[in-house]
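> prediction below, plus the sequence it came from.
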Amino acid sequence: MYKGRILVVEDDIDISNMLKIYFAGYGYEVDIANRGMDAVEKAWHQLPDLIIEDIMLPDIDGFEVCRLLRANYLTAKIPLIFLTQKDERSDRLLGMESGADIYMSKPFDIEELRLRVKNLIQRRQSLLGLTSPTGLPSGMLIVDHLRALFEKPEGWALLDIRTLSFNAFRDSYGYFAAEDVLRFTAQVLKEEVLEGRNFFSKNFIGHVHDDHFIVCVPVEQALDLKRRLKERFEEEILSHYNFMDRMQGYLINPGTTDERSPLMKLAIGIARPAGDGAANIRVLAMQAGISRREDANA
């Protein structure tokens with residue numbers, strides 16, 4: 001069961017390793033950053049469910065890290081706990097002002113920290129409509145972002161993305177293997193859409209449900225992004241199949257002797273609110289869905 005991903009930002013190796021071992025023992029995925037800008041980059045590309053952060057870091061301080069994260073839509077709502085020796089009232093106020101959710105002083109009660117982490121992650125996932133295990137926005141977060149984009153419809157495009165043969169894979173390989181595919185798909189999208197771009201890019205990735213994702217990018221990037229996503233996915237998805245299925249290029253559906261399903265690939269449709277004349281989100285989604293189905297049948 002996926003419980004959440006934690007990013008520990010701490011330059012004290014003993015403390016960071018202790019926190020990683022402790023929370024991993026409770027089923028969390030834990031990553032470590034020893035410098036402030038490394039933390040910003042990891043948070044941007046990996047989208048943790050929660051960040052535990054020291055204030056005193058070798059490059060920029062934790063307050064600046066927090067401000068940078070709050071300035072970007074993808075990381076703005078990630079819960080953040082300051083865990084620090086700086087216990088002056090002015091430091092606490094500055095921490096709250098920069099956007100931290102909780103401020104805990106060292107030495108700290110590890111059990112109290114665990115309960116705070118658990119409650120913050122659960123609240124984030126329930127209130128914000130985040131879809132485990134991808135960590136990507138879903139539900140009303142997608143709708144709200146599309147509404148904001150529609151205020152200026154020129155210059156951007158919507159990519160509607162589905163994974164063909166996903167259900168057959170899940171039936172054959174099971175729920176946990178299918179979750180791994182969702183995590184893999186989300187990671188490919190994040191790397192291709194966000195990698196190498198400014199941290200404050202307006203590009204958007206959303207997880208609608210199950211194997212259904214959307215991406216918003218500048219219109220001039222849409223076709224090249226579609227090509228890159230399809231090529232990379234088809235190459236790297238092979239590692240999720242066993243040797244026999246990879247070699248034969250299909251799998252035999254469970255409960256049958258000869259019913260075949262092809263290996264997974266992406267179907268991607270593109271719609272532009274300006275160029276395609278979409279008047280609202282519903283029409284745009286319909287146009288993108290038609291384009292995706294045409295791509296699947298091509």
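It's in.

> drop to CA atoms for contacts and neighbour counts, all remaining ones
Noted.

> helix, strand or coil for residue 192?
With DSSP: H, G, I helix; E, B strand; the rest coil as the basis, residue 192 sits in helix.

> partner strands of the strand ranked longest in the chain, with direction?
Ordering each strand of the chain by length in residues (DSSP state E) puts strand 156-164 first. Pairing partners of strand 156-164, with direction, according to DSSP bridges: strand 212-218 (antiparallel), strand 265-271 (antiparallel).

> mean neighbour count and distance to residue 139 added to those, as TSV?
Shown next, in TSV, are the strands paired with strand 156-164 (neighbours: other C-alpha atoms under 10 Å; distance: least, C-alpha to C-alpha, whole Å):
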stretch	mean neighbour count	distance to residue 139
strand 212-218	20	11
strand 265-271	25	20
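
> distance to residue 183 and mean pLDDT added to these, as JSON lines?
As requested, the strands paired with strand 156-164 are exported to JSON lines (distance: least, C-alpha to C-alpha, whole Å; pLDDT from 0 to 100):
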{"stretch": "strand 212-218", "distance to residue 183": "12", "mean pLDDT": "93"}
{"stretch": "strand 265-271", "distance to residue 183": "15", "mean pLDDT": "96"}
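
> quick revisit: list of residues touching the helix or strand that the longest strand of the chain is followed by?
Next helix or strand after strand 156-164 toward the C-terminus (DSSP states H and E): helix 166-173. For helix 166-173, contacts defined as C-alpha atoms under 8 Å, 6 or more residues apart in numbering pick out 177-178, 211, 253-254, 261, 264.

> go again with 7 Å.
178, 211, 253-254, 261, 264 (C-alpha atoms under 7 Å, 6 or more residues apart in numbering).

> from the residues you listed, which land in helices?
Judged by DSSP state H, those include residue 178 as members of helices.

> among the contacts of helix 166-173, which one is most surrounded by other residues?
residue 264 (23 neighbours; other C-alpha atoms under 10 Å).

> nearest to residue 227, out of the strands paired with strand 156-164?
With C-alpha to C-alpha as the criterion, residue 227 lies closest to strand 265-271 of these, at 9.2 Å.

> what about the stretch 51-200 of the chain, any weak spots by pLDDT?
73, 86-98, 125-132, 195-200 (pLDDT under 70).

> dihedrals phi and psi, residue 136?
Per-residue torsions, residue 136: phi -90, psi 150 (degrees, to the nearest 10).

> so where do the helices sit in the chain?
13-24, 36-46, 62-70, 89-98, 110-127, 140-150, 166-173, 175-194, 222-236, 243-248, 281-297.

> now those helices as TSV including distance to residue 215?
Listed next are the helices of the chain as TSV, based on distance: least, C-alpha to C-alpha, whole Å:
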stretch	distance to residue 215
helix 13-24	31
helix 36-46	15
helix 62-70	21
helix 89-98	29
helix 110-127	20
helix 140-150	10
helix 166-173	19
helix 175-194	8
helix 222-236	9
helix 243-248	29
helix 281-297	11
